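Student: Mind folding the following:
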Amino acid sequence: MSFYLAETPMLEAVATEDERLLAQDLETRVAEAVQQADSHVSVSEGAKACRQAQDRLERLRVAERVLNQHAKEARERIAATAEKALEHLVEVAASGKKIELKKLEDTAATETQVRILAQAIGRLAERLIPTAEIANLREEAHTLEAKARALEQIAQERAERVLEQLRGAVKEEMVLPVDMTRGVAGALLARAAAHKRLAIQVSENADRLERAYRERAHQERAHPERMDGRTLA
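Tutor: As a prediction, this is how the structure comes out:
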């Protein structure tokens, strides 16, 4: 190490002068700290709740796809059999034979099934899935906030340890400025800030979905006949 203090009053002390190794060491230490944050109780519990909310949302979406497919197949069966059933009814009536309503009853039963399926699909699309989406976003935002707090705590603890180690040098020079933004603590604080920004965005998305859901629910209560017509369409 060689320098001329009169010309270079601002000095930097680094673990190694190899910038590549220095960057790799920083990345390794940050990754270890992130894993430590993930192990915090609040973060792990939040991640678990987030996975559960996501799983419920996916199950509801699967249910919607399955019911839509059943409804589609039922409508196709009605379209294929209804015309034949009516033609058969006319022919039987014209011939004077005893009219059997079995085929019509089967068609009516299928139409009832279609209406029930439509109601279930309407409940999924207009109530269950939107509320599950909102809950999923809320849990995601809470988890991001918890991880940001955990990262900030770890950064604080690291900064305190570094300052404690530097107190010996401070005794010699009285004042020793330290730029924490360029070390592990600074990198962790940057990640925490990014998590906070993302948490705000996710929370705002949840707010927008919830407002839209409440507006639809209000309209449905005010005009139930519109809801009925849409559900049974």
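Student: unless I'm mixing things up, A135 is touching D55, no?
Tutor: No. Here A135 lies out of contact with D55, judged by CB atoms under 8 Å, at a distance of 11.4 Å. From N, CA and C alone the C-beta is placed, and that goes for glycine too.
Student: So for those two, which residue has more residues nearby?
Tutor: Residue environment comparison for A135 versus D55 gives the larger neighbour count to A135, 19 against 12, counting by other CB atoms under 10 Å.
Student: wait, what's in contact with A217?
Tutor: With contact set as CB atoms under 8 Å, 6 or more residues apart in numbering, A217 has these partners: R127.
Student: Quick check: which ranges of the chain have low pLDDT?
Tutor: Across the chain, the ranges flagged by pLDDT under 70 are 1-18, 88, 92, 99-106, 171-176, 224-233.
Student: can you give me the helices for it?
Tutor: If DSSP state H is used as the criterion, the helices of the chain fall at 19-38, 41-95, 102-123, 129-173, 184-222, 224-232.
Student: Against which helices or strands is the longest one packed?
Tutor: Counting contacts by 3 or more CB pairs under 8 Å, 6 or more residues apart in numbering; DSSP states H and E, the secondary-structure elements packed against helix 41-95 are helix 19-38, helix 102-123, helix 129-173.
Student: Can you pull the phi and psi angles for G96?
Tutor: Comment: the main-chain dihedrals of G96 come out as phi 80, psi 10, following degrees, to the nearest 10.
Student: Near it, how many other residues are there?
Tutor: Residue neighbour count, defined by other CB under 10 Å, stands at 7 for G96.
Student: swap in H40?
Tutor: Per other CB under 10 Å, the neighbour tally for H40 reads 17.
Student: roughly how far apart are it and H218?
Tutor: With the distance defined as CB to CB, to the nearest Å, H40 ends up 40 Å from H218.
Student: likewise V34?
Tutor: For V34, the distance to H218 under the criterion CB to CB works out to 44 Å.
Student: which one of those two has more residues nearby?
Tutor: V34 (17 against 10).
Student: quick one: contacts for the more buried one?
Tutor: Going by CB under 8 Å, 6+ apart, V34 touches 151, 188, 191.
Student: quick one: the residue lying closest to R77 once chain neighbours are set aside and L89, what's the gap?
Tutor: If you skip the residues right next to it in sequence, R77 has T110 as its closest partner in space, 5.8 Å away by CB to CB, 6 or more residues apart in numbering. With the distance defined as CB to CB, T110 ends up 16 Å from L89.
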